[in-house]
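[1] Pasted the sequence and its predicted model underneath.
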Amino acid sequence: MKGKNKKRNKIIKTVVASVAVFIILLLLMFNSGIGFLRQISGYIVIPVQSGLSAAFKGIGDFFTGFADNVRMKQEQQELIAEAEQKQLYEQQLKDALLENERLRELLGEQSNYPDTRFVYADVILKNVDSYSSTYTLNKGARDGIEKDMVVVAIGGLAGRIIEVTDTYCVMLSIIDSRSSVPGIVESSRDTGIVKGIAQTGQVQSVCEMSNMPMEVKTVPGDKVVTSGMGGVFPKGIVIGEVMEVTAGDTQLDTTAQIVPAVDFDHLEHVLIIQEARTLDSTGEE
């Protein structure tokens, strides 16, 4: 009995489905069911379509905004990098201009020593402590540098070479406490020995001229140059300017403080004298 009922229900469902399909086909054929179908689609399809459109629009806006943010950050980073590159270029240009200015001044210093052969050198290391002041230069024996060669810089005398290797050399500056340079005051012709002054904890860019005459005629502002005595330093190289004179009871007590003509705090380039003609303060042999 139950089997017959199931079979009957299946037949009824098939018939109903067939009738429904037939009615829809008739409506489509006579164009009278299009409005009805559109009405159905208005209730079913359009809301679904609107929801999907809104969802896709939201997703699209999200990715568009994300892409815009990424692009803006990238452009910002590019602008920052460009600004940093420009700043670096301007600093390099400024350094190059200052370097050229120093080199021009050094060439001008070279013109003060006619018929003198020089080797140009850069300072690659400074060694300054409480009692010493030495500078390592990037020229050595293979460049023709020898021990005791004299070194000048912008302003005048810088020192002499005390150590030489194949590729570099070491200069003992005139402000080193171990330095000793025979000097003479241009105006008064007072002679003496110029030494570096060292104090505990610092090295002052000041020299002291000792062994001066008891009746010293030197006054502040006088220029001191090398006297040529001793055979190491050519005559006539500027050492510095007298800052203060202290007269003593004996020749050993009379001294003069001298400010070096060379700026040792900013020493970067020097000229090493390989061969020089001895000059006095007037430029005559």
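    Structure's in. What do you need?

[2] okay, CA-based contacts and neighbour counts for the rest of this
    OK.

[3] shaky segments in the stretch 51-200 of the chain?
    Applying pLDDT under 70 to the stretch 51-200 of the chain flags the ranges 51-63, 65-66, 89-104, 130, 198-200.

[4] Show me where it has its strands.
    When assigned using DSSP state E, counting those that start in this stretch, the strands of the stretch 51-200 of the chain occupy the ranges 117-128, 133-137, 150-153, 156-164, 169-173, 180-185, 191-199.

[5] what's the angle between the fourth one and strand 180-185?
    Pointing back at strand 156-164 there. Angular relation of strand 156-164 and strand 180-185 on a 0 to 180 degree scale: 160 degrees, by axes from the mean of the first three to the mean of the last three Cα atoms, to 10 degrees.

[6] Who does strand 156-164 pair with, and is each partner parallel or antiparallel?
    With DSSP bridges as the criterion, the sheet partners recorded for strand 156-164 are strand 150-153 (antiparallel), strand 169-173 (antiparallel).

[7] Tell me which of the ones you listed lies nearest to Arg117.
    Judged by Cα to Cα, the one of these that comes nearest to Arg117 is strand 150-153, at 11.4 Å.

[8] thinking again about what came up before, okay if I get the strands of the stretch 51-200 of the chain as JSON lines plus distance to Met229 and mean neighbour count?
    JSON lines is the format used below for the strands of the stretch 51-200 of the chain (distance: least, Cα to Cα, whole Å; neighbours: other Cα atoms under 10 Å):
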{"stretch": "strand 117-128", "distance to Met229": "21", "mean neighbour count": "15"}
{"stretch": "strand 133-137", "distance to Met229": "23", "mean neighbour count": "22"}
{"stretch": "strand 150-153", "distance to Met229": "14", "mean neighbour count": "24"}
{"stretch": "strand 156-164", "distance to Met229": "15", "mean neighbour count": "23"}
{"stretch": "strand 169-173", "distance to Met229": "18", "mean neighbour count": "24"}
{"stretch": "strand 180-185", "distance to Met229": "6", "mean neighbour count": "24"}
{"stretch": "strand 191-199", "distance to Met229": "10", "mean neighbour count": "22"}
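
[9] Let me know whether Met243 touches Lys223 as I believe.
    No: applying Cα atoms under 8 Å as the test, Met243 and Lys223 come out as separate, 9.8 Å apart.

[10] okay, the two: which has more neighbours?
    Summary of the neighbour comparison: Met243 and Lys223, criterion other Cα atoms under 10 Å, with Lys223 having more neighbours (21 against 18).

[11] sorry, back to before: put together TSV for the strands paired with strand 156-164, with distance to Asp263 on each row.
    Below are those laid out as TSV (distance: least, Cα to Cα, whole Å):
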stretch	distance to Asp263
strand 150-153	9
strand 169-173	11
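
[12] Minimum distance to Leu107: which of the ones you listed has it?
    Leu107 lies closest, by Cα to Cα, to one member of these: strand 150-153, at 9.6 Å.

[13] And for that closest one, what's in contact with it?
    Taking contacts as Cα atoms under 8 Å, 6 or more residues apart in numbering, the residues outside strand 150-153 that touch it are 106, 109, 157-161, 171, 232-233, 262, 267, 269-274.

[14] rewinding a little: how about a markdown table for the strands of the stretch 51-200 of the chain, with distance to Glu208 added?
    As requested, those are exported to a markdown table (distance: least, Cα to Cα, whole Å):
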| stretch | distance to Glu208 |
| --- | --- |
| strand 117-128 | 18 |
| strand 133-137 | 15 |
| strand 150-153 | 19 |
| strand 156-164 | 15 |
| strand 169-173 | 14 |
| strand 180-185 | 10 |
| strand 191-199 | 5 |
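
[15] on that earlier part again, and Thr136, which of the strands paired with strand 156-164 is closest to it?
    The minimum distance between Thr136 and the strands paired with strand 156-164 falls on strand 169-173, with 4.4 Å, by Cα to Cα.

[16] how many degrees apart are that closest one and strand 191-199 in direction?
    Using the same axes, to 10 degrees, the interaxial angle of strand 169-173 with respect to strand 191-199 works out to 100 degrees.

[17] Could I get the contacting residues of the residue nearest to Lys126 when sequence neighbours are not counted?
    Beyond its immediate neighbours in the sequence, the residue positioned closest to Lys126 (Cα to Cα, 6 or more residues apart in numbering) is Tyr135, lying 4.7 Å away. Remark: with contacts taken as Cα under 8 Å, 6+ apart, Tyr135 is in contact with Val123, Ile124, Leu125, Lys126, Asn127, Val170, Met171, Leu172, Ser173.
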